[in-house]
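Peer 1: model this:
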Amino acid sequence: MYAKDYKEYLKTHNCITINYAVVSHCNLQCIGCRVHAPIAPKWFVSNQQYGLDINNLIRLGFTKQNLILGYFGGEPLLHPKLANFIQYNPFRSSITTNGKALLNMPINFWAVLSLYKV
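Peer 2: Residues are numbered from 1 along each chain as shown. Predicted coordinates for the structure are as follows:
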């Protein structure tokens, strides 16, 4: 969808979810992976790129009321800055995860999820 299409879409819809890949790789090796994580080069979105993308979404008119930013990948829990990204995110958030890394997440990660209602 192009920027002008999002602006038109928001005129007739209350909210949109945009999936945002923060990593390309995963902690599983699923044969039918739709994002090719088992064979994709290992990649993490940088802090700088994340900031630029967030600012572009704001510039396009997205707000906490009309956007859910869905973190995914690969496996988004593998990104070491995921909690920081959620804190910097001015929109609502969701995380699509296979759940394997949940028990290994640090306590501050859980505090961020609770505070920002993810």
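
Peer 1: ok, longest helix in this structure?
Peer 2: Here the longest helix in the chain is taken by residue count, with DSSP state H as the criterion, and it is helix 47-59.

Peer 1: check which helices and strands the helix or strand following that one is in contact with.
Peer 2: The helix or strand immediately downstream of helix 47-59 is strand 67-72, counting by DSSP states H and E. Counting contacts by 3 or more CB pairs under 8 Å, 6 or more residues apart in numbering; DSSP states H and E, strand 67-72 is packed against strand 16-21, helix 82-88, strand 92-95. C-betas here are computed from N, CA, C, even on glycine.

Peer 1: can you rerun that using 7 Å?
Peer 2: Contacts defined by 3 or more CB pairs under 7 Å, 6 or more residues apart in numbering; DSSP states H and E place strand 67-72 against strand 16-21, strand 92-95.

Peer 1: can you pull the contacts of the residue nearest the centre of the chain?
Peer 2: With distances taken as CA atoms, centre = their mean, the chain has Tyr71 as the residue nearest its mean C-alpha position (2.0 Å). For Tyr71, the residues meeting the contact criterion (CB atoms under 7 Å, 6 or more residues apart in numbering) are 20, 22, 82, 93, 95.

Peer 1: what sits closest to it if chain neighbours are left out?
Peer 2: The shortest distance from Tyr71 to any residue that is not its chain neighbour, by CB to CB, 6 or more residues apart in numbering, is 4.8 Å, and that residue is Ile95.

Peer 1: isn't that neighbour up against Val118?
Peer 2: Yes: using CB atoms under 7 Å, Ile95 and Val118 qualify as a contacting pair, with a distance of 6.3 Å.

Peer 1: residues near the nearest residue to Leu82 once chain neighbours are set aside, how many?
Peer 2: Nearest residue to Leu82, sequence neighbours excluded (CB to CB, 6+ apart): Pro76, at 5.9 Å. By the criterion of other CB atoms under 10 Å, Pro76 has 22 neighbours.
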